[in-house]
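Asker: Pasting the sequence and the predicted coordinates here, then a few questions.
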Amino acid sequence: MSEQADMDYENEEACGANEPHVDCSDAFYTSQVFECREDVFRSDTNKGSRGRTTFVLIACERSDEYRCRKKEFIRRDTGTRKCGCPFKLRCKPVVGGEGWMVKLICGVHNHELVKSLVGHLYARRLTKAEKTLIADMKKFMVKPRNILLTLKEHNVNSCTTIKQIYNARSALCSSIRGSDLEMQHLMKLLEDSWSVVRNHLLKELAKFSEDYIKLFGGMERFEELRMSLLVDGLTKVTTDKWIDITNMGYVIASRYNVIVVSLSKQQSMTFFPLRSQPLANSSLHRIICISHVYDNHFVEVYLKERCPLPSVALLWSSNCHPQAKSWPNPYISRMQHTRAS
């Protein structure tokens, strides 16, 4: 098998080097003997195509030609990275000794070499920790461009692009949806969402009951709010089970680590999380605005950037934890604008 490889790629012309080309032969001529096969791969970042254990061929990632999985399907709107690049190295065990040696078969690339690793398939791949971070930020509806900024703050050498963020978000959605169609998944979310939210808020009240008993002024009011979240899915939801946003705004903001803005004719206010320390970059904060309309209905409102905000909820300042005190700082001018108008 080793002899056959030498015969097939005896010279550069035989392995298909065409003009224009980039000759990298000088960089890969070496007499160095590597201790093991893994050391060969660590010394070279090209794509490896492994054969039998007698030797290993290392090819350019743009070698070979694109092969469509579906023969009858022809894609006309996209290109391919594959261009039949002839660059190849062969590494094999040293005869009569220990270690591996590398032989240059063809040192010519038939395409221009990239000047930067930004956008490169290998360099931009996400680590397990980065995928977890993207999943967490997606839950809080953080925009892709802000996710990318966060990743680069964590790793200044990151070569990840915005396209990779969108791909990761799409893969996450597909994994959650499973075999369901998008509409089937949406209908399940509509059925389950309210019960999930109420369950989350119940757990929040139970876990931090002492804080909320103090905030609501005693056990009686605390129990009223807790009971309002206990809803049997098989019965009608009466008015005593409606969420009181003037009180539950504190719970929602703290449970989901978001800023909740409540708008109504009677009283408008802004709720900040009670316990968490805010991110230094306020553009990563998530603001949810709920408006009370027609005296009987709540709707979500989408706010424009830098728009005025109502004042901080009355009980927030006296009940928030020390590390949460700085939440309102980036929004003081916007709240002052509301009071002035």
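Answerer: Sure, I can see it. Numbers count the residues shown, from 1 in each chain.
Asker: you'd agree Ala171 is in a helix?
Answerer: Yes: judged by DSSP: H, G, I helix; E, B strand; the rest coil, Ala171 forms part of a helix.
Asker: Would you state the strands of the stretch 1-150 of the chain in chain order?
Answerer: Assigned by DSSP state E, counting those that start in this stretch, the strands in the stretch 1-150 of the chain fall at 22-23, 33-34, 47-50, 56-59, 88-93, 100-106, 108-109.
Asker: Glu305 versus the spatially most central residue of the chain, what's the distance?
Answerer: Centroid-nearest residue in the chain: Ile134, 2.3 Å away (criterion: Cα atoms, centre = their mean). For Ile134, the distance to Glu305 (Cβ to Cβ, to the nearest Å) stands at 23 Å. In short, each C-beta sits where N, CA and C put it, glycine included.
Asker: Over to His297?
Answerer: Taking Cβ to Cβ as the measure, His297 falls 26 Å from Glu305.
Asker: Tell me which of those two has more neighbours.
Answerer: For His297 versus Glu305, neighbours defined as other Cβ atoms under 10 Å are more numerous around His297 (8 against 5).
Asker: what about Lys265, how many neighbours?
Answerer: The tally of other residues near Lys265 (other Cβ under 10 Å) stands at 9.
Asker: hang on, it is in a helix, isn't it?
Answerer: No: assigned with three-state DSSP, Lys265 falls outside any helix and is coil.
Asker: could you list every residue that touches it?
Answerer: The contact partners of Lys265, by Cβ atoms under 8 Å, 6 or more residues apart in numbering, come to His292.
Asker: So what does it look like in phi/psi?
Answerer: The phi/psi pair for Lys265 (degrees, to the nearest 10) reads phi -70, psi -30.
Asker: again with Thr127
Answerer: Phi and psi for Thr127, reported as degrees, to the nearest 10, are phi -80, psi 170.
Asker: Over to stretch 215-224 now: how far is its first residue from its last?
Answerer: In terms of Cα to Cα, to the nearest Å, the two terminal residues of stretch 215-224 are separated by 14 Å.
Asker: Give the buried residues for that stretch.
Answerer: Leu215, Phe216, Phe222 (16 or more other Cβ atoms under 10 Å).
Asker: got it, and stretch 163-171?
Answerer: For stretch 163-171, the neighbour count (16+ other Cβ under 10 Å) marks Gln164, Ile165, Ala168, Arg169 as buried.
Asker: returning to what we had before: format the buried residues of stretch 215-224 as CSV; extra columns: secondary structure and pLDDT.
Answerer: Formatted as CSV, the buried residues of stretch 215-224 follow (DSSP: H, G, I helix; E, B strand; the rest coil; pLDDT from 0 to 100):
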residue, secondary structure, pLDDT
Leu215, helix, 95
Phe216, helix, 93
Phe222, helix, 93
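Asker: In TSV, list these along with distance to Asn157.
Answerer: Output for the buried residues of stretch 215-224, formatted as TSV (distance: Cβ to Cβ, whole Å):
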residue	distance to Asn157
Leu215	45
Phe216	49
Phe222	50
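Asker: pLDDT-wise, which helix or strand of the protein ranks last?
Answerer: When each helix and strand of the chain is scored by mean pLDDT, DSSP states H and E, helix 2-8 comes last, with a mean of 37.
Asker: Run through who's touching stretch 196-206.
Answerer: Residues outside stretch 196-206 that contact it (Cβ under 8 Å, 6+ apart) are 212, 222, 225-226, 229-231, 248, 251-252, 254-256.
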